[in-house]
Each structure stands twice: as structure tokens, then as C-alpha cells.
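S.K.: With the input below, show me the fold.
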Amino acid sequence: MSIPMYGQNSTGNALGAMAKNTGYKEITTVTAGDASHTLSEDDGGIVFVNCAMASGAVIKLPTATTDNIGLQFRIIFGGTMAAAMTIDLPQAGTAVYAGVITGNRCGNGAGVADAAAVNRTTVVCTVANQEKSLELDQDDVTFGGAIGTDLTFTYASKDVVIVSGTVTVNVATTAIDLLQATSFTGTGWS
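M.R.: Here you go, the predicted structure:
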């Protein structure tokens, strides 16, 4: 790596944040409330959910600050979930979600057949919505979160975390109905 030019790292710790996005963490504990579901800045990079997350599980993202602008978490689901779970920002922090996610219906290798027609939908969340929680439920057509869900959370400022990516729904239906009002809610983790 070359030496940065003078002032290149002075605002927002840009170079430090880049270094933090090279980690890997695997979540293998199903139990809701397990400490392994709480992410730190040092976990920036890939987070692979390799278990059947329990109902009520929460993946807790760290507080957004001016020092962690540029921090990213790419959360990939390789396991099913028992029922609803969330990926949350801290309730006490000022940061909210903004961004676009795409919902896809799919079958899987475990035998749930794919429906005949392709169905995709997009959900837009803006700062004005003031949302801190992304709701997931793999076999609910209004949420999604099945195997193959691939979401990126980018800390854009101390007040905004951009969420983007694809949420898969594991049901044999074309009735995919992800909405901003059901996919996102305003209560984060505390």
C-alpha cells in the first residue's frame, strides 16, 4: 500500500474505515439474544449467518459515528430462520436507514418449489422514514430473509446507514409484497 497524500485521511477516517471492511464473522448460534449476534466495528466486512436463526433474533449493528463513516457489513444468509428476526441499529443512536432493497421469490435445495412466474419488488427507505430496524421472515411474502439473502449496510454518516441488496422469500407463490411499512420499523435495539 502506498503512503496516503497529506490530508487524505483527515475527514471521516476514510482510510481507517477501509481497513475495517476486511473482516469475516460467522454467526452459528441459533439462540435469540446470543452475544455473537452483536457486531462491532472490528467485524466490518463479511458476516455469514450459517444457522437457523431463532424467532426474535436480532443482529445488532454498532452505533454510527463520524469515526466509522465508510464501515460496511455485508450480511449473507446461508441458513433458514425459525420465524421473524431483525437487523437493527441502536435505538439510542441518531442513525437511521436509507436505501433500496430488492425482494425475490425463490425455491431452495430443501424442496420448496419455485413458483411458475418470476416476481421481484423493490422497497425504498428514506431518512424521512426514520427507520432503525429491518424485519426479516424467510417464508413471509411481506418480509423475506431466506437462504441467499445478501444485504450490505454502509455507514454513510453519523446519522445515515445505507442498506442495499436482495432479500429472498422462500415460498412457492408469486404474491411477493415487501413494503416499506412492513420491511422497516422505527425501533432499534436497546
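
S.K.: can you give me the end-to-end distance of stretch 76-84?
M.R.: 16 Å (C-alpha to C-alpha, to the nearest Å).

S.K.: same question for it, mean pLDDT?
M.R.: Averaging pLDDT along stretch 76-84 gives 86.

S.K.: Tell me the buried residues in stretch 179-189?
M.R.: Neighbour counts over stretch 179-189 (16 or more other C-beta atoms under 10 Å) mark 183-184, 188-189 as buried. Using the backbone N, CA and C atoms, a C-beta is placed for each residue, glycine as well.

S.K.: Could you tell me which of these belong to strands?
M.R.: residue 184 (DSSP state E).

S.K.: and which of the buried residues of stretch 179-189 is nearest to residue 47?
M.R.: residue 189 (15.5 Å; C-beta to C-beta).

S.K.: hang on, isn't that closest one packed against residue 62?
M.R.: No: using C-beta atoms under 8 Å, residue 189 is not in contact with residue 62; the gap is 10.5 Å.

S.K.: Mutual contacts of those two, please.
M.R.: residue 90 (C-beta atoms under 8 Å, 6 or more residues apart in numbering).

S.K.: How many residues are close by the closest residue to residue 22 other than its chain neighbours?
M.R.: Counting by C-beta to C-beta, 6 or more residues apart in numbering, residue 45 is the residue found nearest to residue 22 once chain neighbours are left out, at 5.2 Å. Counted with other C-beta atoms under 10 Å, the neighbours of residue 45 add up to 15.
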